[in-house]
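Trainee: dropping the sequence and predicted coords here.
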Amino acid sequence: MNPIKAQYDERGGAPHKLIKAVPFDKPEPGAGEVLVELLAAPINPSDLLTLTGDYGVLPDLPAIGGNEGVGKVTELGAEVNELEVGQTVLLPIGCGTWRSHLVLPAKDLIALPGQADPLQLAMLTINPPTAALLLSEVVDLAPGDWVIQNAANSAVGGYLVQLAAERGLKTVNVVRRESAVESVKQLGAELVLVDGPDLAERVAEATGQAKIRLAIDAVGGAATDRLAACLTGGATVANYGMMSGESCQLSPAHLIFRGIKLTGFWLASWFEQSSPADQQQLFGDLIGKIAAGKLSAPVAATYPLSEVSEALRAASRGERDGKILLTAE
Ligand SMILES: NC(=O)c1ccc[n+]([C@@H]2O[C@H](COP(=O)([O-])OP(=O)(O)OC[C@H]3O[C@@H](n4cnc5c(N)ncnc54)[C@H](OP(=O)(O)O)[C@@H]3O)[C@@H](O)[C@H]2O)c1
C-alpha cells in the first residue's frame, strides 16, 4: 500500500473542498517508536468544525484530519518491548488519524483486543466517554431516574441509550424526524419522540409526569428551550453540541421562575482535569463493552482515504443511518 494522507492547507468553507488525499513517503520508526497502519478512523462533527474553523481547538496548518481511530502495528523500532507486530492499537487522540501510515511512540499506544470489530473500536475515544460522562459528571443520578436527550439517533445519543439502560436510568429520546425513531428503538430505547413545540406535554404524558433533572442537548437554538420545558424545577440542561449552529435559547421564565441551569460539557476539559487512573478505568470499561459487542454505534459507510473528499461530503449530510469511517484502502 502506498502511503496516503488526508491533508488540508487552509480552513473555512465546505470541508470536502478543503481536504485532499496526498501521497507521502513511508516513515521509518526510530527508537521507542512503532509504525502503525490505519485500520479505521471515523469522521465526527468535531472534525468538520475543525475544518471550518469553528472548533474549540485548531491545529497549525497544514494539518492532517482526524482525531481518533485504530491501527495495526506493522514495524517495531529499536527498544520497543511492550508491543508486537500485528497488535491492534488505539491511536492517540488528536494525532491526525486520517493517514495510512503513522509513526508513533510505543508508550502512547493502547493495545486493543484483536478479535473486536475495528470499526467499532475506531469510534471508542470520543463519543462513548462523552455519553458516559454526561450521565455521571453533571447531575447525581440513581437507578430509576429519568434523563432526556435530543439528537438521540446520533452516535453519542445511541451510546447514551445503551449506557443509561445498563445503569437502570430511564431515557426520553428526542429526534428531529420520524424516520430516525426506529433506529433508536433498535438500540434498546423504549421512549423515542419527534421534537416539536408540544414536546413538554408529550413527555409529561409518556413519562407519567416524571420529574426529569437532566437534559442533554447536542442541538442548541430553540431545541435547548424545548428540552428545558420538559424538566422539573432546579434541573440542569447540559449542552455538548452545536448541531443547529445556533446559540442555546433558554427562556427567562425557565431561568428565573423554575431555576433551570444551563451548563456545557467538553470531553477535552475532562481529559485535562481527570487523573490517569480515572481515564484508565473509564476506557478499560468501554473497551470491554465494545469488544464484547455490548456497546456499539451504527455505521453508514466506509470510504478509502483516497476518497476522503466524498467521505466528508457524506459525513456533512444530515439524515445519515450512522457514522462514516475512513479506511486505509
Ligand atoms: N462536547 C463534547 O465533548 C463532545 C464530544 C463528542 C461529540 N460531541 C458533539 O455531539 C454531537 C453528536 O456527535 P455525534 O458524533 O454523535 O453525531 P452524529 O452521529 O454525526 O449525528 C449527528 C446528529 O445531529 C443531528 N443533526 C444534524 N444536523 C442537525 C440540525 N441542523 N439540527 C438538529 N439536529 C441535527 C442528526 O440528526 P439527523 O440524523 O436527523 O440528521 C444526528 O442526530 C455533535 O454536536 C458533536 O460535536 C461533543
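Mentor: Now that the structure is in, tell me what you want to look at.
Trainee: number of residues surrounding P23?
Mentor: 10 (other CB atoms under 10 Å). C-beta here means a position set from N, CA and C on the backbone, and glycine is covered the same way.
Trainee: that should have said E79, apologies.
Mentor: E79 - counted by other CB under 10 Å - has 10 other residues nearby.
Trainee: hmm, it is touching G32, no?
Mentor: Yes: the pair E79 / G32 is scored as a contact, 5.4 Å apart, by CB atoms under 8 Å.
Trainee: work out which residue lies at the spatial centre of the chain.
Mentor: Per CA atoms, centre = their mean, the C-alpha nearest to the average position across the chain is that of N127, at 2.6 Å.
Trainee: ok, it - contacts?
Mentor: For N127, the contacting residues are N44, A155, V156, Y159, A297, by CB atoms under 8 Å, 6 or more residues apart in numbering.
Trainee: the third one: helix or strand, and which one exactly?
Mentor: I take that to be V156. helix 155-166 (DSSP states H and E).
Trainee: and that helix with the ligand, contact?
Mentor: Yes: with CB under 6 Å from any ligand atom as the measure, helix 155-166 is seen reaching the ligand through A155, V156.
Trainee: close to the ligand: what parts of the chain are there?
Mentor: So far as CB under 6 Å from any ligand atom goes, the chain lies against the ligand at 44-46, 126-127, 130, 151, 153-156, 176-177, 180, 218-219, 240-244, 265-267, 318-320, 323.
Trainee: how near is R226 to A200?
Mentor: Counting by CB to CB, to the nearest Å, the gap from R226 to A200 is 7 Å.
Trainee: how about A291?
Mentor: A291 sits 40 Å away from A200, going by CB to CB.
Trainee: secondary structure class for the residue in the chain that the ligand sits nearest to?
Mentor: Minimum separation of the chain from the ligand (CB to the nearest ligand atom) falls at G241, amounting to 2.5 Å. Using DSSP: H, G, I helix; E, B strand; the rest coil, the structure places G241 in coil.
Trainee: number of residues surrounding the spatially closest residue to it that is not a sequence neighbour?
Mentor: The shortest distance from G241 to any non-neighbouring residue, by CB to CB, 6 or more residues apart in numbering, is to A218 (3.2 Å). Neighbours of A218 under the rule other CB under 10 Å: 24.
Trainee: verify the contact between A218 and N153 for me.
Mentor: No: the criterion here is CB under 8 Å, and A218 misses it with N153 at 10.5 Å.
Trainee: what number of residues lie near the nearest residue to E319 once chain neighbours are set aside?
Mentor: Leaving out its chain neighbours, the residue that sits closest to E319 by CB to CB, 6+ apart is R177, at 6.7 Å. R177: 11 surrounding residues under other CB under 10 Å.
Trainee: now R177. Its backbone dihedrals?
Mentor: phi -150, psi 150 (degrees, to the nearest 10).
Trainee: and G264, how many neighbours does it have?
Mentor: Using other CB under 10 Å, G264 is surrounded by 13 other residues.
Trainee: for the residue nearest to it when sequence neighbours are not counted, give me its contacts.
Mentor: Computed as CB to CB, 6+ apart, the closest residue to G264 that is not its neighbour in sequence is N239, at 5.3 Å. For N239, the contacting residues are D217, A218, G220, T224, C248, L262, T263, G264, F265, by CB under 8 Å, 6+ apart.
Trainee: so which of the residues you listed wins on neighbours?
Mentor: Going by other CB under 10 Å, D217 tops these with 31 neighbours.
Trainee: surely that residue and R226 touch.
Mentor: No: counting by CB under 8 Å, R226 is not a contact partner of D217; they are 9.4 Å apart.
Trainee: so where's the stretch 151-300 of the chain uncertain?
Mentor: Along the stretch 151-300 of the chain, the model assigns pLDDT under 70 to no residue.
Trainee: how about the helices in it?
Mentor: Using DSSP state H, counting those that start in this stretch, the helices assigned to the stretch 151-300 of the chain run over residues 155-166, 181-186, 199-207, 222-228, 252, 267-273, 276-291.
Trainee: now distance to A116 too, for those helices, in CSV please.
Mentor: Formatted as CSV, the helices of the stretch 151-300 of the chain follow (distance: least, CB to CB, whole Å):
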stretch, distance to A116
helix 155-166, 16
helix 181-186, 21
helix 199-207, 36
helix 222-228, 34
helix 252, 49
helix 267-273, 22
helix 276-291, 4
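Trainee: nearest to L61 among the ones you listed would be which one?
Mentor: helix 267-273 (19.9 Å; CB to CB).
Trainee: list of residues touching stretch 41-50?
Mentor: Residues from elsewhere that reach stretch 41-50, judged by CB under 8 Å, 6+ apart: 11, 15, 55, 58-59, 65-70, 91, 97-98, 122-123, 126-127, 155, 241-243, 311-312, 315-316, 323-326.
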